[in-house]
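K.L.:
predicted model and sequence follow; I will ask about them next.
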Amino acid sequence: AAAPGPAPDGRLAAARSLAQATPFASPYHKDAFLLFRALCKLSMKDHDDVEPPVEPISMQSKALSLELLLGVLEHAGPSFCNGPRFVGAVRQYLCVSLLKNCTSNVTHIVALSLRIFVNLIVKLRQHLKAEVEVFISHIFLRVLDSDNSTHEHKMLVLEVFHNLCTDAQGLVEIFLSYDADFDSVDIFRHIVVALARVVKGRADLPQGINSSAAAATVSSDALRRAAAADAALRRLALSGLVATLRSLAKCCDVAVGHAPKGGHPGQGPGPGPGPPAAPPA
């Protein structure tokens with residue numbers, strides 16, 4: 001499938017106008033909307049993108065706002081997940097916040113942002129097809145492919161992919177929504193290829209460890225740490241591939257992981273004992 005172009009501004013403007021014209025069901029819904037929007041705006045505030053020993057007030061407020069947003073999504077009900085005003089706020093404010101915070105240099109901020117994204121996939125994926133495509137193809141996959149990405153950020157992205165791969169129904173919906181759509185990016189295929197590439201060992205090694213002379217230039221402790229980090233990445237990526245196969249097998253009603261008597265894992269029971277042997281003459 002080919003990569004889609006950017007959505008027309010007119011379509012986005014029309015969707016935004018429709019959402020803004022939709023009245024709130026009650027004053028409580030309006031208050032919830034205003035609070036959600038305020039938290040999104042607070043999480044978008046700029047700060048010094050470093051990880052100091054003592055976090056400044058702006059960093060603490062950003063982290064707190066993301067934690068509160070995570071709680072909102074974890075407990076969101078039908079009124080939030082299907083309400084035009086709330087879905088519009090997610091598109092207009094929360095997705096913009098996540099785009100900024102998923103590329104932060106502060107690991108805690110990235111971790112919170114990715115956990116929010118997983119909840120968006122679970123709760124609102126039917127409303128956020130274009131946004132999910134942008135996050136996965138332009139942020140997460142690039143983090144895994146980039147030599148400049150830290151080990152912590154790659155592990156967080158792999159955890160996101162692992163969570164997606166363990167959801168059998170969600171994985172099938174991703175395939176149908178993107179890979180089976182000629183106008184969309186092959187998200188499912190790209191995730192599987194990225195996981196396989198990590199398993200095969202595109203190592204996240206320190207700078208300079210790329211030749212046989214590495215042992216002479218880098219301490220053995222650095223080599224051991226790099227090897228341990230690379231092994232952790234490979235294990236998590238392999239676990240994601242296994243979860244993908246289990247999810248596909250579950251959708252196809254194929255048993256995996258259990259070897260029936262007389263058969264093999266993933267197959268039905270073996271053949272019966274057969275007819276009794278003829279008595280000796």
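P.N.:
Alright, I've got the coordinates.
K.L.:
what about the helices in this structure?
P.N.:
Remark: helices assigned in the chain by DSSP state H are 9-21, 27-43, 57-74, 78-82, 84-89, 95-101, 107-124, 129-135, 141-145, 151-166, 168-174, 187-199, 214-217, 220-251.
K.L.:
mean pLDDT for these: which is lowest?
P.N.:
Mean pLDDT per stretch puts helix 214-217 lowest among these, at a mean of 50.
K.L.:
now stretch 74-89: how far from the chain's centre is it?
P.N.:
Centroid separation for stretch 74-89 versus its chain: 20 Å, with Cα atoms, centre = their mean, to the nearest Å.
K.L.:
what are the buried residues along it?
P.N.:
76, 80, 81, 83, 85, 86, 87, 88, 89 (16 or more other Cβ atoms under 10 Å). Where C-beta positions appear, they are placed from N, C-alpha and C, glycine not excepted.
K.L.:
same question, stretch 32-46
P.N.:
By neighbour count on 16+ other Cβ under 10 Å, the buried set for stretch 32-46 is 32, 33, 36, 37, 39, 40, 42, 43, 44.
K.L.:
please apply the same query to stretch 121-133.
P.N.:
The neighbour-count check on stretch 121-133 (16+ other Cβ under 10 Å) flags 121, 122, 123, 124, 125, 127, 128, 130, 131, 132, 133 as buried.
K.L.:
contacting residues around the last one?
P.N.:
For residue 133, the contacting residues are 4, 178, 184, 185, 187, taking Cβ atoms under 8 Å, 6 or more residues apart in numbering as the criterion.
K.L.:
so which of those residues sits lowest on pLDDT?
P.N.:
For pLDDT, the smallest value among these belongs to residue 4: 44.
K.L.:
list of residues touching stretch 232-245?
P.N.:
By Cβ under 8 Å, 6+ apart, the residues outside stretch 232-245 that reach it are 151, 154-155, 158-159, 161-162, 165-166, 171, 192, 195-196, 198-199, 201, 204, 256.
K.L.:
extract the C-alpha set from it and format it as CSV.
P.N.:
Output of stretch 232-245 as CSV, limited to C-alpha atoms (Å, rounded to 0.1, in the frame of the first residue of the first chain):
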residue,chain,number,x,y,z
ALA,A,232,17.3,-7.1,26.1
LEU,A,233,16.1,-5.4,22.9
ARG,A,234,16.3,-8.7,21.0
ARG,A,235,14.4,-10.6,23.7
LEU,A,236,11.6,-8.0,23.8
ALA,A,237,11.3,-7.9,20.0
LEU,A,238,11.2,-11.7,19.8
SER,A,239,8.5,-11.7,22.5
GLY,A,240,6.6,-9.3,20.3
LEU,A,241,6.9,-11.7,17.3
VAL,A,242,5.8,-14.6,19.4
ALA,A,243,2.8,-12.6,20.7
THR,A,244,1.9,-11.8,17.0
LEU,A,245,1.9,-15.4,16.1
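K.L.:
quick one: distance of it to the chain centre.
P.N.:
For stretch 232-245, the distance to the chain centre is 13 Å (Cα atoms, centre = their mean).
K.L.:
buried ones in that stretch, by neighbour count?
P.N.:
Buried residues in stretch 232-245, counted by 16+ other Cβ under 10 Å: 233, 234, 236, 237, 239, 240, 241, 242, 243, 244.
K.L.:
fine by me, thanks again.
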